[in-house]
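Asker: Could you look at this predicted model? Sequence included:
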Amino acid sequence: MTDSVPKFPSSPRLCGPTRPLQLNINTLLRSFSYRKLPQSPIRLSICKLDGSSFDVEVERMAKVADLKEAVEQVFRESMQESDIDISWSHVWGNFCLCYKDGILIDDKALICFLGIKDGDQLHFIRHLSPKPKF
């Protein structure tokens, strides 16, 4: 009698720098109970355009939107004593986070399924959205 070993989908490949990272995880989420497991936060390093960096902590099952919120929170905390007001809609409209060669623009994507793990470094890059055609 042989035991069959369940086959898991291979890890997603990151797409090129001009295409967003995409992954259909609906079947994976239905198949496994990841949402029931306790989540421990992961620490990520974010490299700014000027070369400096800062750390953020997010849950392992965080979405890209949660990661962006963590980035915004770090800036809010660091600028509490200054009068500078950052327009985050402007920031996210012109810049995005990049992991390896892929850009993180799908706010609903789970970072763990994009290959992002504890200790990884992400970068801000200029992002030009395609202009709508009229």
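Answerer: Yep, it's here. Numbers count the residues shown, from 1 in each chain.

Asker: Look at the nearest residue to residue 92 once chain neighbours are set aside and give its secondary structure.
Answerer: Nearest residue to residue 92 in three dimensions, chain neighbours excluded: residue 68, at 6.5 Å (CB to CB, 6 or more residues apart in numbering). Just so you know, the C-beta spots here come from the backbone N, C-alpha and C atoms, and that holds for glycine as well. For residue 68, the assignment made with DSSP: H, G, I helix; E, B strand; the rest coil gives helix.

Asker: And residue 68, how far from residue 52?
Answerer: The spacing between residue 68 and residue 52, counted by CB to CB, to the nearest Å, is 19 Å.

Asker: ok, the residue nearest to residue 92 - contacts?
Answerer: Applying CB atoms under 8 Å, 6 or more residues apart in numbering, we find residue 68 in contact with 88, 92, 97, 107.

Asker: Which members of these occur in helices, if any?
Answerer: Counted as lying in helices by DSSP state H, out of the contacts of residue 68, are 88, 92.

Asker: ok, the contacts of residue 68 vs residue 113, which is closest?
Answerer: Nearest to residue 113 among the contacts of residue 68 is residue 107, at 13.9 Å by CB to CB.

Asker: residues contacting the closest one?
Answerer: Counting by CB under 8 Å, 6+ apart, residue 107 has contacts 63, 64, 65, 68.

Asker: Narrow the residues you listed to those that are buried.
Answerer: 63, 64, 68 (16 or more other CB atoms under 10 Å).

Asker: Any stretches of this protein with poor pLDDT?
Answerer: 1-39, 129-134 (pLDDT under 70).
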